[in-house]
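S.K.: sequence first, predicted model second:
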Number of protein chains: 2
Amino acid sequence: MERVPRIHSRIPAVAPTLADVAERAGVSRQTVSNAVNNPDLLREDTLARVQEAIVELGYVPNRAARNLRTRASHLVGMRLSPLIDGTATAVMDRFVHSLVWTSREAGYHVLLFSGEGPDPLEGYDDLLRSTAVDAFVVTDTYLGNPQATWLRERRAPFVAFGRPWDDDDARHPWVDVDGAAGTELATRHLLDRGHTKIAWIGWRKDSFIGEDRRSGWSRALRDRGLSTTGMASRVEDTVSSGREASAWLLDEARPSAFVCASDTLAMGVLHTLAERGLHPGRDIAVVGFDDSQVAQVVHPGLTSVRQPLEEVAVAVVRSLEDLLATPSYVGEGLLLAPSLTVRGSS
Amino acid sequence: MERVPRIHSRIPAVAPTLADVAERAGVSRQTVSNAVNNPDLLREDTLARVQEAIVELGYVPNRAARNLRTRASHLVGMRLSPLIDGTATAVMDRFVHSLVWTSREAGYHVLLFSGEGPDPLEGYDDLLRSTAVDAFVVTDTYLGNPQATWLRERRAPFVAFGRPWDDDDARHPWVDVDGAAGTELATRHLLDRGHTKIAWIGWRKDSFIGEDRRSGWSRALRDRGLSTTGMASRVEDTVSSGREASAWLLDEARPSAFVCASDTLAMGVLHTLAERGLHPGRDIAVVGFDDSQVAQVVHPGLTSVRQPLEEVAVAVVRSLEDLLATPSYVGEGLLLAPSLTVRGSS
DNA sequence: CGATCGGCTTGGATCGATCCAGACCGCTGG
DNA sequence: CCAGCGGTCTGGATCGATCCAAGCCGATCG
């Protein structure tokens, strides 16, 4: 009555399977499967026996087999956009960290992939068709997000970090940070310190994010009855642009403080101040956006708006879980409030 | 003679399978499989017919099934170490980018996971046992690398970014950057500019990497017959430590230049200079290490040693491929030379 | 003209976990 | 005495790609 040994029981390196555990515990495969996936279906003593066998053999379910059967991989895919130097990359990296961390707690792992060139859909298709990932996290939604529409058309589950700016009837879950609230916070902080002439350095008008952040600044000023005319400049997101814009504004509008759309631009302001022998924080206040590494280590410290990326990740993962649990899940948007990290520059 | 339709052919959302392609092309499954994996086994016209069917149906092989059968996942795992602020994180993020990019070309994807706490093995075990990844990339090898020994014992394929500092007979492939060569490059650069009193600010003596980088500085000085005594300081890797150390060195040793083990420390030096009204690059030269975002945007620009992370990634992936192709692959070490990015601070 | 050979093709088995239907167990309550 | 209970067991099918051994076919050679 002895069982014919499975081929693999002769090959030492191969991991134990469900059947091995079943045999050891003296139960059927089904029972072991239940012990792993629906423990409450088993009687206590049987469960204990099976678990013991699992520990003894060091059994871990084979993912490939499980994935095949259940049509789920417990992986979420995220595309790493091409490396462009700038604080945007740093923010994304921080987000990736948070996402990896949060996903783990939800039983998911993060699969990174890269798009070849400018085509933002590159890479998504293969992963989706080959059932390599259960869902995507989409991050660069600012480019008229073709991913969002494309993914929606293919009925691919995904959650976006970033609002569907240009698409009002978008029906997918997203999480974003309220940039306007951040710059408003920054501006009020400066107003409270007695500044009345507060300048804005932001991005070009066609940037949704830039205009959003700008609106927080202007709202805060208008609330106090202060004018914004002549106090704003819109440029590229580079240090030298920030430097030039701030030099121009200092000459023309004579502000006592700057609010910037990014730490990069704020660094440009610091350059100008250094060139003119002005001291940030003492002579002129400066506030950046993103609370990057740079803001933390630069000389007197750069006050900066900090995005709550950990919370964003938590919210994204939660949406992901809802989405995967109920395919009919209707997308919701969630806007999170940033905070202000005050340092020497203000 | 009509075939019984598969259940799933009634469910629209399910992707086409090998069998569907086979039926469409009028061949067997095996032939389709060969068309995908060993195209040269097929006659030209058959191949063309199958490929046509593949395109028409939009067929993409199911990963789970393939993984199950071939016992390979084409995923490499990499642990994201807990987020500690500092330039080390930035370097790793740059490396992750490069790795993702390079892996893709080799047909691999990168699976990120996170370790819970201080236990560096956390997470590895599950992924390995469940055959979720084919191999690992290990990055933090400086802590007496328990991962390396642990992984080796379990015969898990892995490649390290970082030398096995404390383990001479380590037999695993690794890739690292020659830190000493980097600081030597930096020091020679300063010597060439006429500096003769060049100070070192590095990490505590028990840091292998720190001592390695320090050796490049001292070697360059000794080669020119210059003394290093009293010109070195070893501290924690923080801005304030760098600030204090440089203040002390300026008072005691009066150097005209600093070489630092990190950009963070170099930023500390810049703080000291700012406090004393000294101009980096004009009065005192400063060189950092890692060529981080910070070095690029800080006021006159920080000259810094740049690690060739793209090359590292390429070498790592190449090792990975060798390793997975031939399980008996004997590890090799590869040391890459960094470069110097010269900016305003020197 | 038939035997042989190489190139293709074929059906069936396999990977390991899960799903499913049906049967079993000793026990209780009607 | 039988139906029903919950916990389990059993065998078989399934997911989709790949492996394997056998079979087929036309072409070449003696």
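M.R.: Perfect, thanks for sending it.

S.K.: what about the stretch 101-250 of chain A, any weak spots by pLDDT?
M.R.: Along the stretch 101-250 of chain A, segments meeting pLDDT under 70 span A:116-120, A:141-145.

S.K.: might you enumerate the residues of it proximal to chain B?
M.R.: Applying CB under 8 Å from any CB of the partner chain, we find that the stretch 101-250 of chain A lies next to chain B at A:101, A:104, A:109-114, A:123, A:125-127, A:129-132, A:155, A:239. Heads up, the C-betas are built off the backbone N, CA and C, glycines and all.

S.K.: try it again with 10 Å
M.R.: By CB under 10 Å from any CB of the partner chain, the part of the stretch 101-250 of chain A that sits against chain B consists of A:101-105, A:109-116, A:122-123, A:125-133, A:154-155, A:238-239, A:242-243.

S.K.: which of those fall within helices?
M.R.: Using DSSP state H, A:101-105, A:125-129, A:239, A:242-243 are the members of these that sit in helices.

S.K.: and of the residues you listed, the nearest to residue A:38?
M.R.: residue A:105 (21.0 Å; CB to CB).

S.K.: do you know how far the closest one is from residue A:273?
M.R.: For residue A:105, the distance to residue A:273 equals 44 Å [CB to CB, to the nearest Å].

S.K.: neighbour count winner among these two?
M.R.: residue A:273 (24 against 11; other CB atoms under 10 Å in any protein chain shown).

S.K.: distance check, the more buried one against residue A:130.
M.R.: 54 Å.

S.K.: so which bits of chain A are right by DNA strand D?
M.R.: Taking CB under 7 Å from any atom of the strand as the contact definition, chain A meets DNA strand D at A:26-31, A:41-43, A:45-47, A:65, A:68-69, A:71.

S.K.: at 6 Å what do you get?
M.R.: Chain A comes close to DNA strand D at residues A:27, A:28, A:30, A:31, A:42, A:43, A:46, A:68, A:69, as judged by CB under 6 Å from any atom of the strand.

S.K.: got a list of contacts for whatever helix or strand the fourth one lives in?
M.R.: I take that to be residue A:31. Residue A:31 belongs to helix A:29-37 when assigned by DSSP states H and E. With contacts defined as CB atoms under 10 Å, 6 or more residues apart in numbering or on different chains, helix A:29-37 is touched by A:17-25, A:27-28, A:40-43, A:46-51, A:53-54, A:59-61, A:66, A:70.

S.K.: among those, which ones lie close to chain B?
M.R.: For chain B, the contacts drawn from the contacts of helix A:29-37 by CB under 10 Å from any CB are A:59, A:60, A:61, A:66, A:70.

S.K.: count of residues packed around the third one?
M.R.: By the measure other CB under 10 Å, the count of residues near residue A:61 is 20.

S.K.: that one contacts residue B:130, correct?
M.R.: Yes. Using CB atoms under 10 Å, residue A:61 is in contact with residue B:130, at 6.2 Å.

S.K.: residues shared between the contacts of those two?
M.R.: With CB under 10 Å, 6+ apart as the test, residue A:61 and residue B:130 both reach residue A:15.

S.K.: now do the SS call for residue A:273.
M.R.: helix (DSSP: H, G, I helix; E, B strand; the rest coil).

S.K.: nearest residue to it other than its sequence neighbours?
M.R.: If the residues on either side of it in the chain are set aside, residue A:273 comes closest to residue A:280, at 5.3 Å by CB to CB, 6 or more residues apart in numbering or on different chains.

S.K.: can you check residue A:150 too?
M.R.: Nearest residue to residue A:150 in three dimensions, chain neighbours excluded: residue A:121, at 5.5 Å (CB to CB, 6+ apart).

S.K.: and that neighbour, what does it touch?
M.R.: A:79, A:115, A:146, A:147, A:150, A:151.

S.K.: from these, which is closest to residue A:216?
M.R.: Taking CB to CB as the measure, residue A:216 lies nearest residue A:147 of those, at 27.0 Å.

S.K.: for the closest one, give me its contacts.
M.R.: For residue A:147, the contact set (CB under 10 Å, 6+ apart) comprises A:79, A:115, A:120-121, A:124, A:136, A:138-141, A:156, A:158, A:160.

S.K.: immediately after the host helix or strand of it, which helix or strand?
M.R.: Using DSSP H and E, residue A:147 falls within helix A:146-153. Downstream of helix A:146-153, the first helix or strand assigned by DSSP H and E is strand A:158-161.

S.K.: for residue A:283, report the pLDDT, please.
M.R.: Here, the pLDDT recorded for residue A:283 equals 96.

S.K.: distance check, the residue of the stretch 101-250 of chain A found nearest DNA strand C against chain B.
M.R.: Relative to DNA strand C, the nearest point of the stretch 101-250 of chain A is residue A:107 (12.3 Å; CB to the nearest atom of the strand). Residue A:107 sits 11 Å away from chain B, going by CB to the nearest CB, to the nearest Å.

S.K.: my guess is that residue meets residue A:63, correct?
M.R.: No. Residue A:107 lies out of contact with residue A:63 (CB under 10 Å); the separation is 11.9 Å.

S.K.: which neighbours do these two have in common?
M.R.: Counting by CB under 10 Å, 6+ apart, the contacts common to residue A:107 and residue A:63 are residue A:74.

S.K.: compare the two (neighbour count), which wins?
M.R.: When neighbours are counted by other CB under 10 Å, residue A:107 and residue A:63 differ, and residue A:63 comes out ahead with 24 against 8.

S.K.: all strands of the stretch 151-300 of chain A, in order?
M.R.: A:158-161, A:174-177, A:198-203, A:232-235, A:257-260, A:285-289 (DSSP state E, counting those that start in this stretch).

S.K.: wait, which of those is closest to residue B:341?
M.R.: That would be strand A:285-289 among the strands of the stretch 151-300 of chain A, by CB to CB, at 23.4 Å.

S.K.: number of residues surrounding the closest residue to chain B within the stretch 101-250 of chain A?
M.R.: Closest approach of the stretch 101-250 of chain A to chain B (CB to the nearest CB) occurs at residue A:129, with a separation of 3.6 Å. When neighbours are defined as other CB under 10 Å, residue A:129 has 18 of them.

S.K.: distance check, residue A:234 against residue A:227.
M.R.: Applying CB to CB, the value for residue A:234 to residue A:227 is 18 Å.

S.K.: make JSON lines from the strands of the stretch 151-300 of chain A and add distance to residue A:307 and mean neighbour count to it.
M.R.: Converted to JSON lines, the strands of the stretch 151-300 of chain A look like this (distance: least, CB to CB, whole Å; neighbours: other CB atoms under 10 Å in any protein chain shown):
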{"stretch": "strand A:158-161", "distance to residue A:307": "10", "mean neighbour count": "25"}
{"stretch": "strand A:174-177", "distance to residue A:307": "5", "mean neighbour count": "24"}
{"stretch": "strand A:198-203", "distance to residue A:307": "16", "mean neighbour count": "26"}
{"stretch": "strand A:232-235", "distance to residue A:307": "21", "mean neighbour count": "19"}
{"stretch": "strand A:257-260", "distance to residue A:307": "15", "mean neighbour count": "32"}
{"stretch": "strand A:285-289", "distance to residue A:307": "8", "mean neighbour count": "30"}
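
S.K.: reformat those strands as JSON lines; add distance to residue A:332.
M.R.: Output for the strands of the stretch 151-300 of chain A, formatted as JSON lines (distance: least, CB to CB, whole Å):
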{"stretch": "strand A:158-161", "distance to residue A:332": "10"}
{"stretch": "strand A:174-177", "distance to residue A:332": "8"}
{"stretch": "strand A:198-203", "distance to residue A:332": "28"}
{"stretch": "strand A:232-235", "distance to residue A:332": "32"}
{"stretch": "strand A:257-260", "distance to residue A:332": "31"}
{"stretch": "strand A:285-289", "distance to residue A:332": "26"}
